[in-house]
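*Asks:* Quick one, structure for this:
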Amino acid sequence: MRSLLAGSDACVVMPTGGGKSLCYQLPAVLSPEKTAVVISPLIALMQDQAAQLGQMGIAAAVLNSSVTDAEQSRVMREASAGRYRLLYLSPERMARPATVAWLQGVSISFFVIDEAHCISEWGHEFRPEYRQLNRLRVHFPERPIAAFTASATQRVRHDIIEQLGLRDAHKYIASFRRQNLNYVMKQCNARTQPDLLLRALRAHVEGNAIVYAPTIARVEETVDFLESNGMRAVGYHGKMNATTRRNNQERWMSDEVRVMVGTIAFGLGINKAAVRTVVHLSLPKSIEQYYQEAGRAGRDGLPADCILLWQKRDVGLIEYFLRELRDPKEKERARQRCDEMLDFARSKACRHLQICTHFGELPKWTSCKSCDVCIGTPEWLAAPPEAEPLRRVASTIASVPIHSTALAASPSARAVPVVASGHTGEATGERRSKSGKKTVSKDVDPGLRERLREWRRAMAKEQGVPAFVIMHDTSLDELCRIRPRSLAELRQVHGFGEHKTELYGPHILTVLRTFRAGSRSLR
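*Replies:* Numbers count the residues shown, from 1 in each chain. Take a look at the predicted model:
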């Protein structure tokens, strides 16, 4: 934040949930009559962030293909007048000469490149349009540029700095070790994998779960399988229409369903704190991809499991993707990343240690005490798979030929080391599991939590925004613990500033009051 406010370029690498958005949002708010321009790859992510800022009384807007011509004209006029603190653009929009010409008339505080690994050919989500962002330095030579990403190796970080033309960039590289995540990897086959998936999800009855499947067909089959076994689940993939995807995501975000099954199209920018489990049903294409997707668990700082159930045939699926690549250099880079991922899954070395060294970190510890290599196989995974349910479903899930199904598509510096940390979970009343890790607070009344979730869902539907925009899970649980009786007490709850307290305070106090009185109604 100090670097941006001082006008310096920056390259920031922090894990998922480490606070990257705050690093540029707060300096933007502290720069009155100037606008921070944020370049982001996902329309939904831009819209959600702008909506969240609006809930806090911070003026923000979006310019992308989802915005009508009339709305675009209005946003451009107001941006030129200094109305916004943050303005979100897609890289495609930024590449237009007309956009550059217009922005030269806007009072810009600094530029932010989100998901900056996309600019590097060595990044796991390389997007060619990101390469055109090097024009920012040419057209806006005096404006600071800050690049942010959750997963970039040393090679990718150097490439980001070079491609963007960052000058004497201040580098902030957080530790890649997330101690609350327990990495578990298990080689299986088509017969045993479904039962192992059920075990993984049944072993974590609290919080939400994400299941990553390698193909669209596998997403749909896995949803059907989980539903047939009594687990509410929804799917998310690139072939769904935008409305269905949005609705499914919202049902999961608002806790109507516990399990989201998605391809790699799901998850970028997802801001849900209480994900207790992330399961991969096949090998990711790279350690970077795995780290980013698994890292969507445990954003609240509480224990979470990241489980990889992989098969030998996963390598064949990755080979299929590799054959689709036309650029020989890109193909070779992708193959190298695949080999690294396979070695990672097979290795008997500490998982956290492997991840840290992969990203160029040099840990002084040798055992993490939070992976299957260091502490052993968890109880739910140790027993032999049950045969009967597998015969019922394995033939269905394993029957889809790899090549016949629709496939998932993704959409000299000064070093200042900073270690980012999430919520430590040290609130009063937390209980510990047998392994000694903290779990959810025993002081949270399930009935009150559900009542507040119901109110949140209704309010989100009324305003046409995702439920987490109204209130995060961590704030909801803190409300259940503190149970404020006045607006002054509500302001002490994490996530409730003056604007949000003014918007929702009376409603929340009414819900709490009626719950204390024993009423089952929200009114």
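
*Asks:* Which parts of the stretch 151-300 of the chain are helices?
*Replies:* Assigned by DSSP state H, counting those that start in this stretch, the helices in the stretch 151-300 of the chain fall at 154-164, 193-202, 216-228, 242-253, 287-294.

*Asks:* out of the ones you listed, nearest to Phe515?
*Replies:* helix 242-253 (22.9 Å; Cβ to Cβ). Every C-beta, even on glycine, is put in place using the N, C-alpha and C of the backbone.

*Asks:* what packs against the closest one?
*Replies:* The contact analysis (3 or more Cβ pairs under 8 Å, 6 or more residues apart in numbering; DSSP states H and E) places helix 242-253 against strand 233-236, strand 259-262, helix 467-470.

*Asks:* could you redo the last one with a cut-off of 6 Å?
*Replies:* With contacts defined as 3 or more Cβ pairs under 6 Å, 6 or more residues apart in numbering; DSSP states H and E, helix 242-253 has these neighbours: strand 233-236.

*Asks:* Using CSV, write out the CA atom coordinates for the strand it packs on.
*Replies:* In CSV, the C-alpha atoms belonging to strand 233-236 read as follows (Å, rounded to 0.1, in the frame of the first residue of the first chain):
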residue,chain,number,x,y,z
ALA,A,233,-24.6,-30.5,-5.5
VAL,A,234,-24.5,-28.2,-8.5
GLY,A,235,-22.2,-27.9,-11.5
TYR,A,236,-20.3,-25.2,-13.3
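
*Asks:* Name the residues of that strand that are buried.
*Replies:* For strand 233-236, the buried set under the neighbour-count rule, 16 or more other Cβ atoms under 10 Å, comprises Ala233, Val234, Gly235, Tyr236.

*Asks:* Would you mind pulling up the elements that that strand packs against?
*Replies:* Other helices and strands packing on strand 233-236, by 3+ Cβ pairs under 6 Å, 6+ apart, are helix 216-228, helix 242-253, strand 259-262.

*Asks:* So what's the gap between the one helix or strand Asp305 maps to and the chain middle?
*Replies:* Assigned by DSSP states H and E, Asp305 falls within strand 304-310. The chain centre lies 16 Å from the centre of strand 304-310; the measure is Cα atoms, centre = their mean, to the nearest Å.

*Asks:* Do I have it right that Phe176 meets Thr357?
*Replies:* No. Using Cβ atoms under 6 Å, Phe176 is not in contact with Thr357, being 9.1 Å away.

*Asks:* Please identify which of the two sits among more neighbours.
*Replies:* Phe176 (21 against 14; other Cβ atoms under 10 Å).

*Asks:* where's that one relative to Gln187, distance?
*Replies:* 24 Å (Cβ to Cβ, to the nearest Å).

*Asks:* Please tell me how far stretch 111-123 is from the chain's geometric centre.
*Replies:* Its chain's average C-alpha position is 16 Å from that of stretch 111-123, according to Cα atoms, centre = their mean.

*Asks:* Okay, buried residues for that stretch please.
*Replies:* Buried, per 16+ other Cβ under 10 Å, within stretch 111-123: Phe111, Val112, Ile113, Asp114, Glu115, Ala116, His117, Cys118, Ile119, Ser120, Trp122, Gly123.

*Asks:* With just CA atoms, put it into CSV.
*Replies:* Extracted in CSV, the C-alpha atoms of stretch 111-123 (Å, rounded to 0.1, in the frame of the first residue of the first chain):
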residue,chain,number,x,y,z
PHE,A,111,-2.9,0.8,-12.8
VAL,A,112,-3.4,-2.7,-11.4
ILE,A,113,-2.9,-5.9,-13.4
ASP,A,114,-4.8,-8.7,-11.7
GLU,A,115,-4.0,-12.4,-12.4
ALA,A,116,-0.7,-11.0,-13.7
HIS,A,117,0.7,-14.5,-14.4
CYS,A,118,-1.5,-14.5,-17.5
ILE,A,119,1.0,-12.1,-19.1
SER,A,120,3.8,-14.7,-19.1
GLU,A,121,4.2,-17.6,-21.5
TRP,A,122,5.6,-19.5,-18.6
GLY,A,123,2.4,-18.8,-16.6
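
*Asks:* hmm, who's touching that stretch?
*Replies:* Residues from elsewhere that reach stretch 111-123 (Cβ atoms under 6 Å, 6 or more residues apart in numbering): 24, 37-41, 125, 127, 130, 136, 143, 145-149, 152, 155-156, 159-160, 163.

*Asks:* Who are the contact partners of Arg491?
*Replies:* Counting by Cβ under 6 Å, 6+ apart, Arg491 has contacts Thr501.

*Asks:* Also Arg155?
*Replies:* Arg155 neighbours (Cβ under 6 Å, 6+ apart): Trp122.

*Asks:* now do Asn271
*Replies:* Asn271 neighbours (Cβ under 6 Å, 6+ apart): Phe468.

*Asks:* Would you map the helices across the stretch 401-523 of the chain?
*Replies:* Under DSSP H, counting those that start in this stretch, the stretch 401-523 of the chain gives helices at 446-463, 467-470, 473-482, 487-490, 498-516.

*Asks:* looking at those helices, which is buried most?
*Replies:* Among those, helix 467-470 has the highest mean neighbour count (mean count of other Cβ atoms under 10 Å), at a mean of 23.

*Asks:* Send me that one as PDB with only the CA atoms.
*Replies:* Output in PDB follows, covering the C-alpha atoms of helix 467-470 (Å, rounded to 0.1, in the frame of the first residue of the first chain):
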ATOM      1  CA  ALA A 467     -25.000 -13.300  -1.100                       C
ATOM      2  CA  PHE A 468     -21.400 -12.800  -0.100                       C
ATOM      3  CA  VAL A 469     -21.600  -9.200  -1.300                       C
ATOM      4  CA  ILE A 470     -24.200  -8.600   1.400                       C
END
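
*Asks:* Just checking the distance from that helix to the centre of its chain.
*Replies:* 15 Å.

*Asks:* Among the helices and strands packed on strand 233-236, which comes closest to Ile470?
*Replies:* Of these, nearest to Ile470 by Cβ to Cβ is helix 242-253, at 10.5 Å.

*Asks:* State the mean pLDDT of the closest one.
*Replies:* Taken as a whole, helix 242-253 has a mean pLDDT of 88.

*Asks:* Many thanks, I have nothing further to ask.
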